[in-house]
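**Q** here you go, sequence then predicted model.
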Amino acid sequence: MKNYVLLLSFIFLVTSCQVQDSEKTQVKIGSELLDGNETMTPIVAGDLSTQEVWLKYIDAHNNRDLETIASINHEDWIGYTPDGSVVKGNDTHIEILDNWFKTSNPNWKVKWMIANGVVNNDGEVEQYLTTANDFSDIDSNGTEIKEHNIHDILFVNGKIKKITVYKRAIADETAEFSY
């Protein structure tokens, strides 16, 4: 009888731990209205390994390493820029970057990152990383550009499939408010 109680206790302990681990991967941290849905779907805590991929990606951009950028991009890469442009395909993205890097000196510094996931319409968790980055460059007139960028990145199988970029100018305490 004593062995039976010990066995049951052990099974209960193992089962309890497994439930807790699966619950940790589904911690709800927000919600999102997916295209085509009428109700909000959960945003859950995401895979932290996406942060390392992003840091490598930003480093490759700062070092003009097109080969590494291309290797991190998903074959069906798509980018949405703050001006409303849409760039489709890894090859197109690399060609645009190559031209940009030849005529400019863009630089990014990662300020923060939040790994998150969204439960899609099929019930699968899509991995995202939302990150703030300070951006600097010098335009063709020699004017320094400084802005804050927010990147919302979709990862598929450890590769970057989609990036949406939002931007705002760095705060100027002396500027007058205008709307």
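**A** Perfect, I can see it now. Residues are numbered from 1 along each chain as shown.
**Q** okay, and the helix or strand of the chain with the least pLDDT?
**A** Using mean pLDDT, DSSP states H and E, helix 2-24 stands out as the lowest-scoring helix or strand of the chain, at a mean of 46.
**Q** next secondary structure element downstream of it?
**A** Using DSSP states H and E, the helix or strand that directly follows helix 2-24 along the chain is strand 28-32.
**Q** so in terms of bridging, what pairs with the spatially most central residue of the chain?
**A** Taking Cα atoms, centre = their mean, the centroid of the chain lies closest to L129, which sits 2.6 Å from it. Going by DSSP bridges, L129 is paired in beta bridges with A115, I153.
**Q** I'd say it and V118 touch.
**A** No - at 12.0 Å, L129 does not count as touching V118 under the criterion of Cβ atoms under 8 Å. Heads up, the C-betas are built off the backbone N, CA and C, glycines and all.
**Q** where along the chain do the helices fall?
**A** Along the chain, counting by DSSP state H, helices occupy 2-24, 49-62, 66-72, 90-103.
**Q** what packs against the third one?
**A** Here helix 66-72 is seen to pack against helix 49-62, helix 90-103 when contacts are counted using 3 or more Cβ pairs under 8 Å, 6 or more residues apart in numbering; DSSP states H and E.
**Q** in this protein, where is pLDDT below threshold?
**A** Applying pLDDT under 70 to the chain flags the ranges 1-25.
**Q** ok, 90 please
**A** By pLDDT under 90, the low-scoring segments of the chain are 1-27, 32-39, 41-42, 103-104, 119-124, 138-143, 169-179.
**Q** so what touches stretch 65-81?
**A** Stretch 65-81 has contacts (Cβ atoms under 8 Å, 6 or more residues apart in numbering) with 53, 56-57, 59-61, 86-90, 93-94, 97-98, 101, 156-157, 159-165.
**Q** please check the residues you listed and keep the buried ones.
**A** Among the contacts of stretch 65-81, those buried by neighbour count (16 or more other Cβ atoms under 10 Å) are 53, 57, 60-61, 87, 90, 93-94, 97, 159-165.
**Q** before we move on, the earlier item: could you export the helices and strands packed on helix 66-72 as a markdown table, including distance to E147?
**A** Output for the helices and strands packed on helix 66-72, formatted as a markdown table (distance: least, Cβ to Cβ, whole Å):
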| stretch | distance to E147 |
| --- | --- |
| helix 49-62 | 15 |
| helix 90-103 | 15 |
